[in-house]
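Asker: here is my input, please return the structure:
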Amino acid sequence: MNRVTAEPIKDAYFETSETFQTWLQAQKESYGLTYLLAHADDGVIWGHFRQGALMTSHEVLSQSPKLSPHTLQQCRLFGEAGELLIWKTRKGWHSRFIGNPDLETKPIEEKQLLWGTHRVEDETAGFTVLRDGVQGLKHAVPLIGINRNNNDELTSPVRLIVRHYITYDRDGLAQIQLSRLVTLIANTH
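Answerer: All right, here's what the predicted structure looks like:
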């Protein structure tokens, strides 16, 4: 899809967790997206679609919050095909989709490091629970098969790939016009 769209969303989709998850599943099917990253009042939630259903980090890590439209601040469904951003304003829910826009310049891909230096729990439901240093903070990322040594220390950090689309103004000054999440990777240098 070579488009950028923004539009309001019917509030009915956000009345219950069930209607919200049904709506998310429809968006995943419509746009061909893979992952979920949500920011809620009570924390960060990772997710991915597995065998046709949305799996969230709460299912493998109890300290990860449940995905609820009542505490949701923003949510991103993303993958190679694009990113769907969902957010709420005083006027209701809105969404913005960024596909792979046709721009004159090639996009720049940035590899953002995610915290987590050790694997602390076995891989379950397509997630790996990571801990960073001695702080004890954990999060469950929707990746499996992350390389580690005998002490469960990661041999390479997990990264979030962000694609930046560059345009030029009439004076030739480059600027980032759009940015979107693309995928998660591990085991690279």
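
Asker: so where's the protein uncertain?
Answerer: Where the chain drops to pLDDT under 70, the residues are 1-6, 103-104, 188-189.

Asker: mind checking the longest strand of it?
Answerer: In the chain, assigned by DSSP state E, the strand with the most residues is strand 174-185.

Asker: for that one, name the packing helices and strands.
Answerer: Judged by 3 or more Cβ pairs under 8 Å, 6 or more residues apart in numbering; DSSP states H and E, strand 174-185 is in contact with strand 35-40, strand 72-79, strand 82-89, strand 159-168. The C-beta positions use only the backbone N, C-alpha and C, and glycine is treated the same way.

Asker: let's see it at 6 Å
Answerer: strand 159-168 (3 or more Cβ pairs under 6 Å, 6 or more residues apart in numbering; DSSP states H and E).

Asker: wait, what's in contact with the most centrally placed residue in the chain?
Answerer: Centroid check for the chain by Cα atoms, centre = their mean gives L37 as the closest residue, at 3.2 Å. Counting by Cβ atoms under 6 Å, 6 or more residues apart in numbering, L37 makes contact with R76.

Asker: how far away is it from P65?
Answerer: Here the criterion is Cβ to Cβ, to the nearest Å. By it, L37 lies 13 Å from P65.

Asker: sorry, back to before: run through who's touching the longest strand of the chain.
Answerer: By Cβ under 6 Å, 6+ apart, strand 174-185 touches 76, 78, 83, 98, 143, 159-168.

Asker: most neighbours among these, please name it.
Answerer: Neighbour counts for the contacts of strand 174-185, by other Cβ atoms under 10 Å, peak at F78, which reaches 25 neighbours.

Asker: which residues does that one form a beta bridge with?
Answerer: Beta-bridge partners of F78, counted by DSSP bridges, are Y35, E83.

Asker: need the contact list for it.
Answerer: 33, 35, 181 are the contacts of F78 under Cβ under 6 Å, 6+ apart.

Asker: my read is that the second one contacts H48, right?
Answerer: This means Y35. Yes: using Cβ atoms under 6 Å, Y35 is in contact with H48, at 5.2 Å.
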